[in-house]
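> Dropping the sequence and predicted coords here.
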Amino acid sequence: MDESKLVCLRLSRPSEGVLQITLDRPDLMNRVDEDFHREMVEVLGAVADDRSVRAIVLAATGKVFSAGGDFDFMRLAHADVDVRQRTVDDGRRLADAFMTIPQPVVAAVHGAAIGVGATIVLLCDAVVAARAAKIADTHVAVGLVAGDGGCVAWPHSAGMLRARRYLLTGDPLDAATAHTFGLVTDLVDTPEETLTVALDIAGRMAARAPLAVQGTKRALNRLTAQRAGEVLDLSFALEQQTLASEDLLEGITAFQERRPPEFRGR
């Protein structure tokens, strides 16, 4: 892996055994596109085999953690069946990378985590969030099925009924409520504290016996994989269908024009 070629991510080693992966496109609000998918899958794949890495912190620069999927790329996917298929394949590889990595991952959520950004956060092993941060899966708000892992991560963390409530509306959760629901493990007062606390948690994980920690993580991954096996193929297939819908274009346009969408079910 050539770190000099990374455009979406920045890697650092803040302490022994801990790797920090930073989403580093603040001008684009750390949106998720083809470059992001490719780099994150490449990095996690390389890290999985790196015995010097015992824990990972996932952080971000800018005002938000991640604004979710890139609208321009969604429009390309809408217009081109090959791009739609590639989008779904990339999304599946990204979800699989998070669900199979043996090292624990701690998310430092200093600002909003939206859409697939929220899914990534909820596939981590601990989530540190500032009170001002928000977590939302807004797929349905722009006309998409929550297919990129939300139907796995939200029920796994918050329970089925709360997952239904928030996945079917796209309503945001403030970090304090998310903490109460089980979507956030550690709540802090300020955005600046998120990284400090996340690094401390990751440091404690890295200091434990690596065979024990990674063996435990692999067992937990098996539980997540079993849940994913029940729904992930279907949810991605349904998301692919909605990428081709007129409602998607209306949802994006309405969001950008700051008006209520007029969905027509086609």
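Noted; the coordinates are in hand.
> For G159, give its distance to G182.
Distance, G159 to G182, using Cβ to Cβ, to the nearest Å: 7 Å. (Glycine included, C-beta is placed from N, CA and C.)
> Got phi/psi on D27?
When read as degrees, to the nearest 10, the backbone of D27 gives phi -70, psi -20.
> and the gap between it and G45?
Distance from D27 to G45, by Cβ to Cβ: 27 Å.
> more neighbours, these two?
With neighbours defined as other Cβ atoms under 10 Å, D27 and G45 compare such that G45 has more, 15 against 9.
> Looks like the more buried one contacts A97 (just checking).
Yes - using Cβ atoms under 8 Å, G45 is in contact with A97, at 6.5 Å.
> Between those two, which contacts overlap?
Both G45 and A97 lack any common contact, where contact means Cβ atoms under 8 Å, 6 or more residues apart in numbering.
> elements contacting the lengthiest helix in the chain?
Secondary structure of the chain per DSSP state H: the longest helix is helix 210-243. Counting contacts by 3 or more Cβ pairs under 8 Å, 6 or more residues apart in numbering; DSSP states H and E, helix 210-243 is packed against helix 71-79, helix 81-100, helix 150-158.
> next one: it to chain centre, how far?
13 Å (Cα atoms, centre = their mean, to the nearest Å).
> What residues sit buried inside the helix or strand just after that helix?
Going down the chain from helix 210-243, the next helix or strand is helix 246-257, by DSSP states H and E. By neighbour count on 16 or more other Cβ atoms under 10 Å, the buried set for helix 246-257 is D247, L248, L249, E250, G251, I252, A254.
> Just name the closest of those residues to R264, please.
Distance to R264, by Cβ to Cβ, is smallest for D247 among the buried residues of helix 246-257, at 6.6 Å.
> just checking, that closest one touches T253?
No - taking contacts as Cβ under 8 Å, D247 lies outside contact range of T253: 10.6 Å.
> Give the residues shared as contacts by these two.
P261.
> Show me the shaky parts of this protein.
1 (pLDDT under 70).
> Might you report the residue contacts of V83?
By Cβ under 8 Å, 6+ apart, the contact set of V83 is F73, L76, A77.
> What separation do you get for it and G265?
23 Å.
> re the thing from before, of the helices and strands packed on helix 210-243, flag the one that's most buried.
Greatest average neighbour count among the helices and strands packed on helix 210-243 goes to helix 150-158 (a mean of 23), per mean count of other Cβ atoms under 10 Å.
> The next helix or strand after that one vs helix 150-158, what angle?
Sequence-wise, the next helix or strand downstream of helix 150-158 (DSSP H and E) is helix 160-167. With axes from the mean of the first three to the mean of the last three Cα atoms, to 10 degrees applied, the angle from helix 160-167 to helix 150-158 works out at 130 degrees.
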